[in-house]
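Colleague: Mind looking at a prediction? Sequence and model below.
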Amino acid sequence: MRALVALIALLAAGLAARPAAAQVAAAQVVSERPDRVAVVLYQDHPPQVRPFGDDGEDGDAFGDDPGLAVVSEVRTVDLPAGRTRISFRGVADGMVAQTAAVEGLDGRLVERNYDFDLLSPGTLIEKAIGAPARLVRTNPKTGQASEVAVTVRSGPYGIVLQHADGSAEALGCSDLPERLVFDQAPPGLTATPTLSMEVETQSAGRHLIRLTYLATGLRWKADYVARLAADGRTLDLHGWLTLSNVSGTTFGDAPTQVVAGRLARAGDDEPVRAEPAAAVRNCWPTPFPRMATYSDVAAAPPAPMAMARMAAGGLEEVVVTATRVAEVSNLGDYKLYTLPEPTTVAANQTKQVAFLEQASVRYQRVDAFTVRRAYSVDPGTQAATVLVRLQNKAAEGLGKPLPGGGVTVFEPKGNGGLSLAGQSSVKDTPVGQLVRLELGASTVVTMEAIQGSLSYPERAGRTFERSEVSVVLHNAGSRPAEVEVRLPQADVKFLGESRPHTRDGAFAVWSLKVAAEGEATLRYRTEAPQ
Amino acid sequence: MRWLCLLAAMSVAGAAGAAEPSKVSRASPAPPAPDLSPPAPGEPGPDHQRLSITIYNGGEALVQDVRSLDLPAGRQRIELREVSNQITPSSVSLAAPDLGIVEQNFDFDLLTPAKLMEKAVGKQVQIVRTNPGNGQQVTETATVLAANDGVVLKIGNRIEVLRDDGAPTRVIFDGVPQNLRARPTLSVTVDSARAGRRDATLTYLTRGLDWRADYVAVFDEKASRLDFQGWITLINLTSTTFADVKTDLVAGSPQLGGIPRPTPIRGVTRGGTEAPTNTQQVGDTYLYPLKERTTIAANQQKQVGFIEADKVPAQRVYLYRANGFGSLTTPAHADAVLQFSNSRASGLAAPLPAGTVRIYMRGSDGALKLIGESAIGHTPQGSDLSLRTGEAFDITVKPTLESRTQVDRRRWRYAMSYVVANAKAEPVTVQLRQLAYAPNLKVLNESLKSRRANADELQWDVPVPAEGETKLTFEIEEESR
């Protein structure tokens, strides 16, 4: 049913509503904590290529993305009939307040507010300007406290007080122990940013409501470990969901899901950062450095974001669980992984849960070179790039959606141990697609390109480049090498080649086997417009 | 509203009648100018400050503040308290019957201990020393000679530097200089033609207030429908609370200098042609009045629902845009795009002010799960919207430039192939768009029929079977300029 809630015409001019008439007093209800919490974490996308040899483990492995999660809370609230303001305590500290949604209230939602006017030494002074306060001084020798009524005239960056007779003093500039005392905290200031909703209900009763909101500080990424088997043809692939919570909120025993895929983001999911104000006792200059102790007392605390980053730099704990594997399902056009059981993602914790365990996945290992049509400068001897390729198909032993992430590849050592073959990354890869892992440069297979004849014939007023190149491949290994030589070929005409090429997308590809401790030569003659 | 208590008490300390609504003084000689504070709440009488605010997108707001002033006849200075602390001073105007404005001042000489000492140069202060040995206090009268990187005092016949010995020393000033203030203060010198009470309207612009829209769209994939909710989000980053204020929001930011530049409306593919019946049009923009007077507290973000429509027809399409002729080694994902319109026929009959649309789906557990976000511009009613939610995990496109050949000096031929793969369990259609705007462009051959999507792009609708792929090939000839 369609309901246009509030596109109501202007109040008639002149209907100058009195405050009492316009604002109905609302009852106050505080919802201290959720009964249950469920979280959905969104994927952090790694940089496309991580250079070989970059360990990338220093600091925050996630980069600068503040992360994104949907937090879904079930709460029980008892509401009186009429208008009520419900304050929600115990929400995640990275809450993006404008995304909060409440379901299950059978009343009218009048408005919702997010108040971040925080009670701090600075706001205490700021709101007290013009208000009476008591100045309490303690005689350092006798210990006697004396008290005098004052009015705060200025602050919080340098506090000036005025006495009843009109004379004035600055607070904290005499080096005497002195403090300001107020009878009550100024109204409207809160300890933490608070989300509240004003609702109007017909009848009193208990409501089970669901509060859903976006929060930053939570994210996940995929990490893979591939172990090449000794047979040289299969590998074992393990996938881990690495969950990270850099917020200050612990989600205890929460059903947890993660979404794989790249969402469009509008870029404005930033929690409002309340900045607590310090009260600073700025004084007139004095020759004596002791004054510094006072102004230093209330140094501003670091901003919450900075603290989050500091925390991210040294996550306290890494927890790994692999007893059961997360289940995958579809969420629209994304993949949704449900952790096998409710988990606790604690503040400043990284947790890993397995989502993929595939043994005996067939792969192909090749030493690849990209060559050019013509060389004006001798390129020297080049090392091959080691590629591991596998088809993400059930018939090949895989056939599972692969969320993008880093891949660490191990290979067997002669003595039975494992050795690091390299680190690479995969993009989000659906079933049926090719996975291509670049493991860095080979120290065994090398190549030299030798430029043969090069001419520039002209036809129909246009110049062409005609070139002949010999590629000499060397294998210094004890096993034969599968070598691929790839040439970008969009506008290339082949005039001759020592063996036929195949096409792979934009490349002409020659596949050769180079014997152990052997050599092979490939020749191609091409023509292309200049 | 309780903040008013504090403010009302904010006049000169010790002065009687601090809670008097408004007090006025002669311009000269100038005793401390009393403030024009509103009265404490609950007080009877017509003195209540009547506030209305018009907030624009972009952090600008127009405040209209009607105050009842009891003014004597003649020239006088009025200090206006409780204005926004981010006021734009040059925008202030005060209008009241039989009242002429002589001048307006915006004082920002802030009262700090150091300023207090500077203003005391040449004047007498009381120095109270506490004997650290026995705690006894000795008070002396001193004259401040200078306050330059240290305070030099003359006490009797002695010249001393304040607290040269580090001993605890209080300094008591005679009073607070009149033109030093706790916060920037607006004062107006007026000439009143008569004595008596009248309503004065204070109008000014302020920064620190902003608004936008936040939308929640819950997409039902099976039914191809959206449940749509709109929220007005306004934020008050000033340290001023606007109590019981009538609030209007204007969709659009007025041109504040600079050269206007036409920009496309984000998210909109066809502009609307429906005049809304339930929104006020002001000039070329729409006005969204909040239904009730409300209190916009300092450092508060407030949200009010303004639109709700269920079961809006929406379709999800897959789109891939190629901006040139080239190849990719690793396939790219197609975008998932949600299309709907805010027309009478769709049930979402309203203009949509600029903001963020967050699109959710309901999981099997009933909980909302985000599937994407999109910013939209000010969208007239009856528009077609097309919002990208993200990349479709299971749908990929691998472009290959098969060949590029030069026909003659100016003409080139490009043969392209696009392998569109679908790992989903159901067939899909992917809209493949190729940027192609060169003059005399010709499609020489194509494996599927193309159509022109817009001035810039050719489009092929590529059907892809479940867990399958379709290869689109075409050859285009274009002329370079």
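Modeller: Looks like it arrived, so ask away. Not measured: the values here are computed from a predicted model.

Colleague: Make sure A:G432 is indeed in a strand.
Modeller: No: assignment of A:G432 by DSSP: H, G, I helix; E, B strand; the rest coil gives coil, placing it outside any strand.

Colleague: That one and B:V419 touch, don't they?
Modeller: No: applying C-beta atoms under 8 Å, one finds A:G432 not in contact with B:V419, separated by 10.9 Å. C-betas here are computed from N, CA, C, even on glycine.

Colleague: any shared contact partners between the two?
Modeller: Residues touching both A:G432 and B:V419 by C-beta atoms under 8 Å, 6 or more residues apart in numbering or on different chains: B:E469.

Colleague: Assign the closest residue to A:S498 other than its chain neighbours to helix, strand or coil.
Modeller: Closest residue to A:S498 apart from its sequence neighbours, by C-beta to C-beta, 6 or more residues apart in numbering or on different chains: A:R523 at 4.2 Å. Here A:R523 is strand, with the state taken from three-state DSSP.

Colleague: A:R523: how many residues sit nearby?
Modeller: A:R523 has 15 neighbours, counted by other C-beta atoms under 10 Å in any protein chain shown.

Colleague: distance of it from A:G496?
Modeller: Distance of A:R523 to A:G496, given as C-beta to C-beta, to the nearest Å: 8 Å.

Colleague: shared neighbours of these two, anything?
Modeller: A:E468.

Colleague: Surely B:A114 is within a helix?
Modeller: Yes: remark: B:A114 belongs to a helix, assigned using three-state DSSP.

Colleague: and the helix or strand harbouring B:R197, what other elements does it pack with?
Modeller: B:R197 belongs to strand B:196-207 when assigned by DSSP states H and E. Other helices and strands packing on strand B:196-207, by 3 or more C-beta pairs under 8 Å, 6 or more residues apart in numbering or on different chains; DSSP states H and E, are strand B:60-71, strand B:93-95.

Colleague: which residues of chain A fall in helices?
Modeller: A:19-22, A:121-127, A:292-297, A:304-313 (DSSP state H).

Colleague: so B:D199 sits right up against B:R67, yeah?
Modeller: Yes: between B:D199 and B:R67 there is a contact under C-beta under 8 Å: 7.3 Å.

Colleague: More neighbours: these two, which one.
Modeller: Higher neighbour count among B:D199 and B:R67: B:R67, with 25 against 13, using other C-beta under 10 Å.

Colleague: Is it possible to get a markdown table of the helices and strands packed on strand B:196-207 that adds distance to chain A and mean pLDDT?
Modeller: Formatted as a markdown table, those follow (distance: least, C-beta to the nearest C-beta, whole Å; pLDDT from 0 to 100):
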| stretch | distance to chain A | mean pLDDT |
| --- | --- | --- |
| strand B:60-71 | 9 | 91 |
| strand B:93-95 | 17 | 89 |
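
Colleague: Could you pull up phi and psi at the nearest residue to B:E479 once chain neighbours are set aside?
Modeller: Nearest residue to B:E479 in three dimensions, chain neighbours excluded: B:N440, at 4.5 Å (C-beta to C-beta, 6+ apart). Main-chain dihedrals, B:N440, degrees, to the nearest 10: phi 50, psi 40.

Colleague: so how far is B:S480 from B:N440?
Modeller: B:N440 is 10 Å from B:S480, where distance means C-beta to C-beta.

Colleague: likewise A:T526?
Modeller: A:T526 sits 24 Å away from B:S480, going by C-beta to C-beta.

Colleague: what about these two, which has more around it?
Modeller: Per other C-beta under 10 Å, whichever of A:T526 and B:S480 has more neighbours is A:T526, with 21 against 10.

Colleague: Per-residue pLDDT of the nearest residue to B:T379 once chain neighbours are set aside, please?
Modeller: Closest residue to B:T379 apart from its sequence neighbours, by C-beta to C-beta, 6+ apart: B:L352 at 4.1 Å. The score at B:L352 is 92. That number is its pLDDT.

Colleague: Pull up the gap between B:L352 and B:S341, please.
Modeller: Distance of B:L352 to B:S341, given as C-beta to C-beta: 11 Å.

Colleague: got it, and A:L439?
Modeller: For A:L439 relative to B:S341 (C-beta to C-beta), the value is 51 Å.

Colleague: Tell me which of these two has more neighbours.
Modeller: More crowded of A:L439 and B:S341, by other C-beta under 10 Å: B:S341, with 24 against 21.

Colleague: Hmm, that one is touching B:L385, no?
Modeller: Yes: between B:S341 and B:L385 a contact is recorded at 6.4 Å, counting by C-beta under 8 Å.

Colleague: show me what contacts the residue nearest the centre of chain B?
Modeller: Centroid-nearest residue in chain B, with C-alpha atoms, centre = their mean: B:D210, separated by 2.8 Å. Under the criterion of C-beta under 8 Å, 6+ apart, the neighbours of B:D210 are B:55, B:57-59, B:61, B:234-235, B:237.

Colleague: so what's the closest residue to chain A within the stretch 201-350 of chain B closest to, chain neighbours aside?
Modeller: Residue nearest to chain A within the stretch 201-350 of chain B: B:S327 (3.2 Å; C-beta to the nearest C-beta). Setting aside the residues directly before and after it, B:S327 is nearest to A:A506 in space (C-beta to C-beta, 6+ apart), at 3.2 Å.
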